[in-house]
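Asker: Okay, sequence plus prediction incoming.
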Amino acid sequence: MHQTLIQRYENGCLMLMEQKGEEFHFLGTAFIIHEQGYLLTAAHLLQDVENPVVVSAGQPGQFSHLSRETGASLPVRLAQIDREHDVALLQLDIDEEFGSPSDFIGNPEEIGEGTFTLSMGVPFGHLRIHNVMVMDSMISAKLLSANDTKLLLFDIPVHPGDAGGPLINTEDGRIIGLVQGRFNPVQILQTEAPEDYNLPSRFSYAVSIEYAKPLMEAEGLS
């Protein structure tokens with residue numbers, strides 16, 4: 001049902017890692033958004049990271065091994081970062097262009113609860129399962145955080161490695177959010193949890209893709 005849409009974005013989803021000597025430590029997901037090698041990811045993944053790199057992952061649509069023992073790591077530089085809204089713009093440090101979707105940024109203001117979405121990421125990269133996985137979900141709510149960041153809640157529980165991946169509106173095929181992680185109301189409200197609060201959330205959240213626009217504009221990208 002969503003094969004064309006998945007094929008549009010799947011090859012642009014990469015594993016974000018930190019290189020420490022000969023070792024690589026998985027951080028999360030990043031995805032290509034411009035032919036000049038620019039990628040988006042979640043800013044919190046880059047906390048205290050000195051040598052970020054990206055590595056291709058096993059793609060949907062084909063049987064692939066759980067772990068990739070070989071594969072080129074591509075260095076990236078931190079081009080722009082917005083820690084307040086948890087968005088970072090990276091650029092591949094190589095002299096060649098990459099295929100990227102055009103007209104990919106959607107308008108979260110135009111969607112409502114019940115909008116069907118897809119998200120992509122490498123959910124189990126921390127466990128050396130190096131595959132892009134696709135999840136089908138629905139927008140459950142549109143909220144403002146304690147600092148008025150626009151959040152999109154969707155009705156599936158993502159995993160740690162999904163952070164930094166795209167949230168896509170299946171109706172028009174455009175990206176509307178940047179996946180952050182599991183929705184924790186106590187953390188979002190920046191308050192203390194009641195003593196009897198122990199119910200794990202089955203919701204996840206993304207920040208609005210609109211926060212990526214100023215970062216791209218600062219790099220001179222259209």
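Answerer: Cool, the structure landed.
Asker: dump the residue contacts of the residue nearest the centre of the chain.
Answerer: Geometric centre of the chain, nearest residue: Gly165, 1.8 Å, by Cα atoms, centre = their mean. By Cβ atoms under 8 Å, 6 or more residues apart in numbering, the residues touching Gly165 are 13, 28-29, 31, 119-122, 178-179. All C-beta spots, glycine's among them, are computed from the backbone N, C-alpha and C.
Asker: repeat that for 10 Å
Answerer: Counting by Cβ atoms under 10 Å, 6 or more residues apart in numbering, Gly165 touches 9, 13-14, 16, 28-31, 40-42, 119-123, 132-135, 158, 175, 177-180, 206.
Asker: Which of the residues you listed fall in strands?
Answerer: For the contacts of Gly165, membership in strands holds for 13-14, 16, 28-31, 40-41, 119-121, 133-135, 175, 177-180, 206, with DSSP state E as the criterion.
Asker: ok, Ile111 - contacts?
Answerer: Residues counted as contacts of Ile111 (Cβ under 10 Å, 6+ apart) are 117, 139, 142, 152, 169, 171-172, 174, 176-177.
Asker: which among these end up buried?
Answerer: Listed as buried from the contacts of Ile111 are 117, 139, 142, 152, 169, 174, 176-177; burial here means 16 or more other Cβ atoms under 10 Å.
Asker: what's the farthest-apart pair in those?
Answerer: The most widely separated members of these, counting by Cβ to Cβ, are Lys142 and Arg174 (16.3 Å).
Asker: can you pull the pLDDT of the nearest residue to Gly164 once chain neighbours are set aside?
Answerer: Nearest residue to Gly164, sequence neighbours excluded (Cβ to Cβ, 6 or more residues apart in numbering): Thr41, at 3.7 Å. On pLDDT, Thr41 comes in at 98.
Asker: Tell me the bridge partners for Thr41.
Answerer: Per DSSP bridges, the residues bridged to Thr41 are Ala88.
Asker: Please report the distance of it from Val49.
Answerer: Using Cβ to Cβ, to the nearest Å, Thr41 is found at 11 Å from Val49.
Asker: Mutual contacts of the two, please.
Answerer: 16, 27, 78.
Asker: Measure how buried the last one is and give me the count.
Answerer: Close neighbours of Leu78, defined as other Cβ atoms under 10 Å, add up to 14.
Asker: Quick one: classify it as helix, strand or coil.
Answerer: strand (DSSP: H, G, I helix; E, B strand; the rest coil).
Asker: dump the residue contacts of it.
Answerer: Residues in contact with Leu78 (Cβ under 10 Å, 6+ apart) are 41, 43, 46, 49, 52, 88-91.
Asker: Also the second one?
Answerer: When contacts are counted by Cβ under 10 Å, 6+ apart, Leu27 touches 15-18, 41-42, 44-47, 49, 52-54, 122, 125-126, 160-161, 163-164.
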